[in-house]
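Colleague: Build me a structure from this.
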Amino acid sequence: MTHTSPHPHPHPHPHPRPAHAAHRHASPPADGTGGDQAELLDLEAEVFAEHIASVTAWLPAETAPRHIVDLGCGTGAGTFALLDRWPEARITAVDSSAEHVRRLREKACARGVEDRVDTVRADLDAAWPDLGTPELVWASASLHHLAEPDRTLRRVHELLAPGGLFAVVELAGFPRFLPETAPEIRPGVEERCHAALAHRHAEHVPHRGADWGPRLTGAGFTVEGERTDTLRIEGADNEAVGRYAVNALRRLRGSAADALPAADLDALDQLLDAAGPHSVLRRADLAARTERTVWAARRGR
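Modeller: Got it, this is the predicted structure:
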């Protein structure tokens, strides 16, 4: 179920950085490979596909954009939702990860839309390549990773065609999957993982959770809309939620391992054991929960 609270925005509002600042996602520091991160992004796109489609439908585009830039595109969740929304558009998908760009290109070929998708590998905190003059720029879960996001906002303002639209989607944090009283073998272990990592997030991802409205206004945009969506996707009849939970909790365990007691690590291992009696895949109360805020900002003519 998706709970949406869109509202007009009548008034102006505003790590060390990762090795590749265009890397999208509010995940904790990973101990896995780029492929593991790409798999997590693929699962996230599958689980929250309905929400992404609802955001693209909500955007106040005055005319169908002919050229769209997806900044920090990951493995293409936004890219393909935007192509579904505007079938005649051409998209330039930008990410710093070679693995993400490769996967996105493979998906474009599999969907038969490779002639409408250009992939560019670039670090958004470094010199930008020529991205043309798009009518729409999309940045989903990427701005908070940047060392100097305000500079990026100004660059996007310069990049956009007059009257063009900038869509910013940001996450409140890493998703949750278990009730607070779960699991029975070690209640609250998921929240203790997040608490153990909170100081790292504050240091390495200081812009996560920012109010981007005032910062967009400061970069010269007019914010035309803002919505905050509280998302809960039940796992009982959705196999993808289970795979997403296993992937995400495995990464969470790897990131927090040095800060957790042995009993918590053991409980996480039991949750991640697909064949065990305490596997998250056996839980009827499993659900992917997160909160996303979207801003739609216009460049003046």
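Colleague: Can you tell me the SS state at P187?
Modeller: The assignment at P187 comes out as coil when based on DSSP: H, G, I helix; E, B strand; the rest coil.
Colleague: That one and A288: what is the separation?
Modeller: 20 Å (CB to CB, to the nearest Å). Placement of C-beta: from N, CA and C, glycine included.
Colleague: So those two - more neighbours on which side?
Modeller: A288 (23 against 15; other CB atoms under 10 Å).
Colleague: confidence score at P149?
Modeller: Listed pLDDT for P149 reads 89.
Colleague: And the helix ranked longest in the chain, what's buried?
Modeller: Counting residues, the longest helix found in the chain (DSSP state H) is helix 239-256. Neighbour counts over helix 239-256 (16 or more other CB atoms under 10 Å) mark 240-256 as buried.
Colleague: Stretch 280-287 too?
Modeller: Judged by neighbour count using 16+ other CB under 10 Å, the buried positions of stretch 280-287 are 280-281, 283, 286-287.
Colleague: can you name the two of those residues that are farthest apart?
Modeller: L281 and A287 (13.2 Å; CB to CB).
Colleague: which among the buried residues of stretch 280-287 gets closest to A172?
Modeller: A287 (15.7 Å).
Colleague: where does the closest one fall, phi/psi-wise?
Modeller: Per-residue torsions, A287: phi -160, psi 140 (degrees, to the nearest 10).
Colleague: And it, how close does it get to L197?
Modeller: 21 Å.
Colleague: ditto for R151
Modeller: 27 Å.
Colleague: neighbour count winner among these two?
Modeller: Between R151 and L197, counting by other CB under 10 Å, L197 is the more crowded of the two (20 against 13).
Colleague: ok, R66 - how many residues close by?
Modeller: When neighbours are counted by other CB under 10 Å, R66 comes out with 14.
Colleague: I'd say it and T92 touch.
Modeller: No - contact status for R66 versus T92: not in contact, 11.8 Å apart, counting by CB atoms under 8 Å.
Colleague: on that earlier part again, quick one: mean pLDDT for the longest helix of the chain?
Modeller: pLDDT averaged over helix 239-256 gives 95.
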